[in-house]
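**Q** take this sequence and fold it.
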Amino acid sequence: MCTANLGDVGDSPMFFPGFDKLTHTGFFFTLVVLYCNGIIRQQKPMAFSYKQAVLVTVFAIIFGGLIEILQLTIFTWRSADWSDLFADTLGTCMGIFSVMVTIGAIGYEKR
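**A** Next up, the predicted model:
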């Protein structure tokens with residue numbers, strides 16, 4: 001979706017000025033939560049370490065950076081933007097934070 005050619009859709013009055021940034025944040029939040037869910041479900045017993053959280057965070061931020069590089073060089077109908085990378089990073093951090101809080105709450109409930 002981050003490389004799709006949307007044409008004049010972005011100029012539609014249905015979208016507000018920061019809609020693109022909100023979309024980047026939401027995509028990366030979802031990516032990180034689902035990726036962490038996959039990691040947790042593959043382990044017996046189910047667990048998620050801080051090391052894994054850091055690796056997922058770094059992976060997602062690098063992935064966002066690669067998307068921006070591709071938009072700059074290959075997908076010429078899109079533009080690379082530092083604020084897009086910031087939105088990707090924000091969504092990544094929000095996703096990791098929500099996973100860690102959820103894991104902590106589940107662990108606290110079991111005690």
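**Q** look up how far residue 47 lies from the residue most central in space within the chain.
**A** Central residue of the chain (C-alpha atoms, centre = their mean): residue 28, 1.4 Å from the mean position. Separation of residue 28 from residue 47 (C-beta to C-beta, to the nearest Å): 23 Å. Every residue, glycine included, has its C-beta placed from N, CA and C.
**Q** count of neighbours near residue 16?
**A** Residue 16: 8 surrounding residues under other C-beta atoms under 10 Å.
**Q** nope, residue 14 is what I meant
**A** Counted with other C-beta under 10 Å, residue 14 comes out at 6.
**Q** ditto for the one 5 residues further on
**A** The burial count assigned to residue 19 is 12, neighbours taken as other C-beta under 10 Å.
**Q** secondary structure class for residue 79?
**A** Assigned by DSSP: H, G, I helix; E, B strand; the rest coil, the conformation of residue 79 is coil.
**Q** find the nearest non-adjacent residue to it, please.
**A** Nearest non-adjacent residue to residue 79, counting by C-beta to C-beta, 6 or more residues apart in numbering: residue 71, 6.4 Å away.
**Q** if we ignore the residues flanking it in sequence, what's nearest residue 103?
**A** Nearest residue to residue 103, sequence neighbours excluded (C-beta to C-beta, 6+ apart): residue 48, at 5.6 Å.
**Q** now do residue 100
**A** Excluding its sequence neighbours, the residue lying closest to residue 100 (C-beta to C-beta, 6+ apart) is residue 53, at 6.3 Å.
**Q** now swap in residue 72 and tell me
**A** Excluding the flanking residues, the one nearest residue 72 by C-beta to C-beta, 6+ apart is residue 80, at 3.6 Å.
**Q** what's the answer for residue 35, then?
**A** Using C-beta to C-beta, 6+ apart, the closest residue to residue 35 is residue 56 (5.8 Å).
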